[in-house]
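# sequence below, structure please.
(one chain, ligands or ions: 1)
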Amino acid sequence: MDRMDVTEEFAGIQLPGHLHTPESLQYAQEFEFREGDVVIVTYPKSGTTWMQEIVTLIYSKGDPTIATSVPNWMRAPWLEHTYFKDTIKNEEGPRIITTHLPSDILAPALQKSKAKVVYIVRNPKDVAVSFYYFHKMAKFFPDSGAFPEFVERFLEGKVYYGSWFDHVKGWYNQKKNLDVIYLTYESMHKDLRRSIKKLCAFLGCPMYSEEVDKIEQHCKFAVMSQNAMVNYTLIPTEILDHEKSKFMRKGVVGDWKNHFTDEQNEDFEKIYKEKMLDCDLQVVWNLD
Ligand code: PPS
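Residues are numbered from 1 along each chain as shown. Down below sits the predicted model:
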């Protein structure tokens, strides 16, 4: 297994060396986006896989053939990963590209292009919970430690992929410079159909109601969690251990309530308010 214990330092953040090398990161930094590209941007655990599936199905007009026969990392590869260079299509047609990289690295190249950017943001408390469980299953991640310590490190940005706050604020501050849509995981949960229609409009893909029906049905958590092309069961146990935690774990809003103590929640809220003071991103995290 390649570079399972290696940490790659890049642009002030740490990344798992199993997926990133200096060469792959340089390639990402110099990549030329083009008109027609759709770039899905997320901080990890925010709904990346969900969006990869939705965009795949929008382009196939609800036909599930590709979504059920090609792994998500092949049809919507991560720009910064080692295999990207050999995976990305050079021929004409829309390309779906995924990235977790921060805005300061990619925004200049994106601004020059006519690529469309889809940014998903999720309640950071649920992100922290999901990320914590991912650390348990992903053998190329460091030990999570106990949950309270993990949340502390998450708030300080001392986790792989860096600070959630920097990621979200950095990308949100690009709203005037990019052709970008911001969606929340929570709004997708509340009304998936509405989110799909918004995306269709943003991507310029008119859709019949029956096609939207098919996408909505296919992108339900219960269906996606059984789809081997997105649930990561194709990856060997030595890399992702599904006995420790499933990749498609719960898929709910507000699981943080089962993990945070009142005190932890207060501390989190305090830091959230301080750090987001200079950001006018309006989000509704609670669905109740
Ligand atoms: S990654 O590793 O960054 O690509 O992870 P990412 O895909 O961003 O996030 C994984 C979480 O998204 C949940 N998920 C979904 N929730 C609801 N509906 C659908 N269809 C769906 N697909 C993926 C997945 O379960 C992870 O969240 P948790 O809270 O851990 O369950």
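
# now the protein, which segments are flagged as low pLDDT?
Counting by pLDDT under 70, the chain contains low-confidence residues at 1, 287-288.

# the same query, at a cut-off of 90, please.
1-2, 89-94, 282-288 (pLDDT under 90).

# what's the distance between V129 and the ligand?
The gap separating V129 from the ligand is 6 Å, by CB to the nearest ligand atom, to the nearest Å. Heads up, the C-betas are built off the backbone N, CA and C, glycines and all.

# neighbours of the nearest residue in space to N286 that is not next to it in sequence, how many?
Counting by CB to CB, 6 or more residues apart in numbering, N286 lies nearest to G254, which is 6.9 Å off, once chain neighbours are set aside. G254 has 16 neighbouring residues, counting by other CB atoms under 10 Å.

# test my guess that G254 contacts K190.
No: using CB atoms under 8 Å, G254 is not in contact with K190, being 11.9 Å away.

# what residue lies at the spatial centre of the chain?
T48 (3.0 Å; CA atoms, centre = their mean).

# show me the beta-bridge partners of the closest residue to that residue other than its chain neighbours.
Ranked by CB to CB, 6+ apart and with sequence neighbours excluded, the top spatial neighbour of T48 is T42, at 4.5 Å. Using DSSP bridges, the beta-bridge partners of T42 come out as I120.

# for T42, grab the count of nearby residues.
26.

# let me see the contact set for it.
T48, M51, T98, H100, Y119, I120, V121 (CB atoms under 8 Å, 6 or more residues apart in numbering).

# and the gap between the fourth one and E35?
Right, the one you point to is H100. Separation of H100 from E35 (CB to CB, to the nearest Å): 23 Å.

# when the two are compared, which one has more neighbours?
When neighbours are counted by other CB under 10 Å, H100 and E35 differ, and H100 comes out ahead with 24 against 10.

# is it correct that that one is in contact with Y161?
Yes: in this structure H100 lies within contact range of Y161 using CB under 8 Å: 5.4 Å.

# and E23, how many residues sit next to it?
10.

# for I54, give me its contacts.
With CB under 8 Å, 6+ apart, I54 has these contacts: S195, I196, L199, I215, C219.

# not counting residues beside it along the chain, what's closest to the first one?
This means S195. M188 (4.5 Å).

# check which helix or strand covers that neighbour.
Assigned by DSSP states H and E, M188 falls within helix 185-190.

# which helices and strands does the helix or strand that comes right after that helix pack with?
Where DSSP H and E defines the elements, the next helix or strand beyond helix 185-190 is helix 192-203. On a contact count with 3 or more CB pairs under 8 Å, 6 or more residues apart in numbering; DSSP states H and E, helix 192-203 meets helix 48-59, strand 116-121, strand 179-184, helix 185-190, helix 209-218.

# the ligand is nearest to which of the ones you listed?
For those, distance to the ligand was read as CB to the nearest ligand atom. The smallest value, 3.2 Å, belongs to helix 48-59.

# now check the closest one, is it near the ligand?
Yes: using CB under 6 Å from any ligand atom, helix 48-59 reaches the ligand at T48, T49, W50.

# ok, how many other residues are close to the last one?
To tie it back to what came earlier, the one meant is W50. 24.

# please renumber so the chain begins at 367
Okay, using 367 as the starting number, the last item reads as W416.

# who's in contact with it?
I486, Y551, M554, C585, M590.

# at the contact with the ligand, which residues of the protein appear?
Residues of the chain lying near the ligand (CB under 6 Å from any ligand atom): 408, 410-416, 492, 496, 499, 585, 587, 590, 614-617, 621.

# spatially, what comes nearest to the residue in the stretch 417-566 of the chain positioned nearest to the ligand if we skip its sequence neighbours?
Using CB to the nearest ligand atom, the single residue of the stretch 417-566 of the chain nearest to the ligand is S496, 3.3 Å away. In space, S496 comes closest to K411 once its chain neighbours are excluded; the distance is 3.9 Å by CB to CB, 6+ apart.

# do the same with P460
G402 (4.8 Å).

# and what of E609?
Nearest to E609 is T603, by CB to CB, 6+ apart, at 7.4 Å.
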